[in-house]
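*Asks:* turn this into a structure:
(one chain, ligands or ions: 1)
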Amino acid sequence: MGFIFHRGYCISQQVSSFTKGSHLSSPTSFTRMFSSNNCNQESWKLGHLNHVAIAVPDLKKASEFYKNILGAKEVSEAVPQSEHGVYTVFVNLGNTKIELLHPYGDKSPIQNFLDKNKNGGIHHICIEVDDVKIAIKDITSKGIRVLDPEPKIGAHGNPVVFLHPKDCNGVLVELEEVKKS
Ligand SMILES: C[C@@H](C(=O)O)C(=O)SCCNC(=O)CCNC(=O)[C@H](O)C(C)(C)COP(=O)(O)OP(=O)(O)OC[C@H]1O[C@@H](n2cnc3c(N)ncnc32)[C@H](O)[C@@H]1OP(=O)(O)O
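*Replies:* Numbering: from 1, shown residues only. Sure thing, here's the model as predicted:
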């Protein structure tokens, strides 16, 4: 579907308008779009893949795998993230990172996941956005569940939110606000 701007409104051509033999002859061929990200005054943009998070039952063993077996040059120490109920270790790959996660405290949000996946597994992906609050407003209006009403501060000191995996093709998606400098 293409987007056309006319007198300050964003109007979109309906897909049916492109079927063979049809032409854009009347105003009814157009639909005004008021809620699309492309058209809102309050817009936000998707950025790079910040990290892929892997929940692991043994953080030391997993860190050593990336450091000693795969030869990763930058593997951080384990850091407790008390607000999130996890320990994190970051493996820096240059163009993105791997975040190793292990439960912290007795109410960790990753405990269920590890109970179901005893050897660990990919837990979430984190994609950067330029404005997380505008992103939440827009995404929520499209029927996707955001798991916290307000962003929390994530492992990099930036605001983050999570989107429900059931609304995201079975993948837990974290959005992290990274302001362009
Ligand atoms: C430090 C920070 C940072 O990076 O900055 C972090 O990483 S914090 C990383 C940790 N924090 C978070 O994960 C916060 C967001 N997560 C949550 O709120 C929760 O973990 C949920 C995603 C809602 C899952 O909650 P809970 O484990 O209680 O529910 P549940 O086991 O009944 O799961 C409900 C359904 O979702 C599925 N499900 C659960 N976790 C999933 C995951 N990680 N990926 C894909 N699907 C998942 C289950 O299989 C189940 O599907 P079926 O019904 O089909 O069986």
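*Asks:* pLDDT below threshold where in the chain?
*Replies:* Filtered on pLDDT under 70, the chain yields the residue ranges 1-41, 181.
*Asks:* residues contacting the residue nearest to residue 144 when sequence neighbours are not counted?
*Replies:* Spatial nearest neighbour of residue 144, chain neighbours left out: residue 167 (4.5 Å); criterion: CB to CB, 6 or more residues apart in numbering. Glycine gets a C-beta too; all of them are placed from N, C-alpha and C. Applying CB atoms under 8 Å, 6 or more residues apart in numbering to residue 167 gives the contacts 143-145.
*Asks:* how many residues are close by whichever residue of the chain sits closest to the ligand?
*Replies:* Going by CB to the nearest ligand atom, the ligand is nearest to residue 154 of the chain, at 2.7 Å. As a burial measure, residue 154 scores 24 neighbours (other CB atoms under 10 Å).
*Asks:* show me what contacts it?
*Replies:* 81, 84, 160, 174, 176.
*Asks:* just the ones of the residues you listed in strands?
*Replies:* Counting by DSSP state E, the part of those found in strands is 81, 160, 174, 176.
*Asks:* buried subset of these?
*Replies:* Of the members of the ones in strands among the contacts of residue 154, the ones counted as buried by neighbours, 16 or more other CB atoms under 10 Å, are 160, 174, 176.
*Asks:* quick check: the first one vs residue 177, distance?
*Replies:* So the one you mean is residue 160. To residue 177, residue 160 is 7 Å away according to CB to CB, to the nearest Å.
*Asks:* between those two, which contacts overlap?
*Replies:* 132, 151.
*Asks:* kindly provide the distance from the residue nearest to residue 144 to residue 97.
*Replies:* Distance from residue 167 to residue 97, by CB to CB: 25 Å.
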